[in-house]
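[1] Everything below, folded, please.
(one chain, ligands or ions: 1)
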Amino acid sequence: MAYELPPLPYDYAALEPVIDKQTMTLHHDMHHGAYVKNLNAAIEKHPELSSKSAEDLIRDLNAIPEDIRGAVRNNGGGHVNHTMFWKIMKPKGGGDPNGPVGDAIKKTFGNFKDFQTKFNDAGVKQFGSGWVWLAGKSGGDVQIISTPNQDNPITQGLFPIFGNDVWEHAYYLKYNNRRPEYLAAWWNVINWDEVNARFEAFKSGKSVQEPALAHR
Ligand code: MN
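    As a prediction, the model looks like this:
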């Protein structure tokens, strides 16, 4: 298989009480697992693509054969998004953003609280399933965007510094329909060290695709 489900970097229950064990188990094993399985099934039809990283696949969807383009968009995006998602969270995370990403947030949004409010608001307003992101623009500035389904900022030429999953499968068991409550609580598990590593990759200026972030 060309693409593999990465193991969770912590126990399924490690993010409680913010994210419950059952949600993490289903989300990682079943949802992310299915994206990987379906991406592999699509790529089997075009094995010449199997040497590409998942980021490379979704960076230029027009280069993907039409018969698997939708499958790669959804499942390649799902694989890239969730691989990031597990890593940018950790037990006992949270706090104010330190390091260069904290400086970039202050520069663009004034202060962390205002940034959080705008980020959460974008997450609440994303209709249906999707993601809310801090994305890097060419030139080095950052912005908040939301994307539908499993679309990733890479496809728009932006760098995904970090994102939060606002699909119902990410929060519904514990928070039911209360997405704003999930978005507010989620900041308590963010891993700012990992976010800073991604921010540094973005600032190194090699455009969106970074070998350091590439994975299979
Ligand atoms: Mn998800």
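
[2] From now on I want contacts and neighbour counts done on CA atoms only, so please keep to that.
    Will do.

[3] Domains in the chain, by residue range?
    Residue ranges for the domains of the chain, per automatic domain parsing: 21-87, 99-206.

[4] For those, could you give me CSV that also reports mean neighbour count?
    Converted to CSV, those look like this (neighbours: other CA atoms under 10 Å):
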stretch, mean neighbour count
domain 21-87, 19
domain 99-206, 19
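
[5] Rebuild those domains as CSV, extending it with distance to A13 and mean pLDDT.
    Formatted as CSV, the domains of the chain follow (distance: least, CA to CA, whole Å; pLDDT from 0 to 100):
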stretch, distance to A13, mean pLDDT
domain 21-87, 4, 97
domain 99-206, 12, 96
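
[6] G93 is nearest to which of those domains?
    domain 99-206 (4.3 Å; CA to CA).

[7] Buried residues of stretch 89-101, list them for me.
    Applying a neighbour-count criterion of 16 or more other CA atoms under 10 Å, one finds M89, K90, P91, G93, G94, P97, V101 buried in stretch 89-101.

[8] Can you classify F162 as helix, strand or coil?
    Judged by DSSP: H, G, I helix; E, B strand; the rest coil, the three-state class of F162 is strand.

[9] let me redo that: I144
    Relying on three-state DSSP, one would call I144 strand.

[10] Could you shift the numbering so residue one becomes 45, and keep it that way?
    Taking 45 as the first residue, the last one we looked at is I188.

[11] Relative to the whole chain's centre, how far out is stretch 102-121?
    Counting by CA atoms, centre = their mean, to the nearest Å, stretch 102-121 is centred 17 Å from the centre of its parent chain.

[12] how far does it stretch from start to finish?
    Stretch 102-121 has an end-to-end distance of 7 Å (CA to CA, to the nearest Å).
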